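**Q** Sequence and predicted structure, then a few things I'm wondering about:
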Amino acid sequence: MNQLRLILVSGLPGSGKSFFAEKLAGKIGAIYLNSDYIRSAIHLRGKYTTSDKAAVYKEMYKQTSNYLQEKKSVVVDATFQLAATRDLFLNLAEEKYISVFCFEVWADEDLIRQRLSQKRVESEADFKIYMVIKEQFEAWTTPRLKLQSTQENISAMLEEAIEYIEGENV
């Protein structure tokens, strides 16, 4: 998998998107960018105004663009709840003539509730925040692979994702 790629991994808090995205990046040898890590790095932890969120996505975009310029594939992990933020990255791939693959990770709400009740290192989202983001989430209009996350199917998710990526390049 040496071809340059941009991979967007979207999903609600607790869906399993970050666990999946980090594993996928490792499998395909890509740089892994996570919105929660970037939020902390730019000193916006705990800050979620519209301008704070925009600053996080702007920094992710900048880093993504730089890595792609260096000929490094990138997996970008964020909720991507707004179509406009997805479009920024989709347009970047188009401008640079780079293959882009989109994934939407989801899980049953009972499992999400369970996951969000546990302390997580970077994410600050709880079930209340999940419900707010779920209400605000704008439907995808771009082709993507929807993957259901359970407690024990990461291998199957990764296998399906890699088949999806490789299948698009045949």
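**A** Okay, I see it.
**Q** ok now whatever helix or strand residue 59 lives in, how far from the chain's centre?
**A** Assigned by DSSP states H and E, residue 59 belongs to helix 50-69. The chain centre lies 13 Å from the centre of helix 50-69; the measure is C-alpha atoms, centre = their mean, to the nearest Å.
**Q** packing partners for the helix or strand that it is followed by?
**A** Going down the chain from helix 50-69, the next helix or strand is strand 74-77, by DSSP H and E. When contacts are defined as 3 or more C-beta pairs under 8 Å, 6 or more residues apart in numbering; DSSP states H and E, strand 74-77 packs onto strand 5-11, helix 17-28, strand 31-34, helix 50-69. For the C-beta atoms, the positions are set from N, CA and C on the backbone; glycine is no exception.
**Q** what's the last one packed up against?
**A** Read that as helix 50-69. Using 3+ C-beta pairs under 8 Å, 6+ apart, helix 50-69 is in contact with strand 31-34, helix 35-41, strand 74-77, helix 83-95.
**Q** could those be laid out in CSV, adding distance to residue 47, mean pLDDT and mean neighbour count?
**A** Shown next, in CSV, are those (distance: least, C-beta to C-beta, whole Å; pLDDT from 0 to 100; neighbours: other C-beta atoms under 10 Å):
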stretch, distance to residue 47, mean pLDDT, mean neighbour count
strand 31-34, 17, 97, 19
helix 35-41, 8, 91, 19
strand 74-77, 19, 98, 27
helix 83-95, 17, 96, 16
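**Q** Compare the ones you listed and give me the one nearest residue 5.
**A** Among those, the nearest to residue 5 by C-beta to C-beta is strand 74-77 (7.7 Å).
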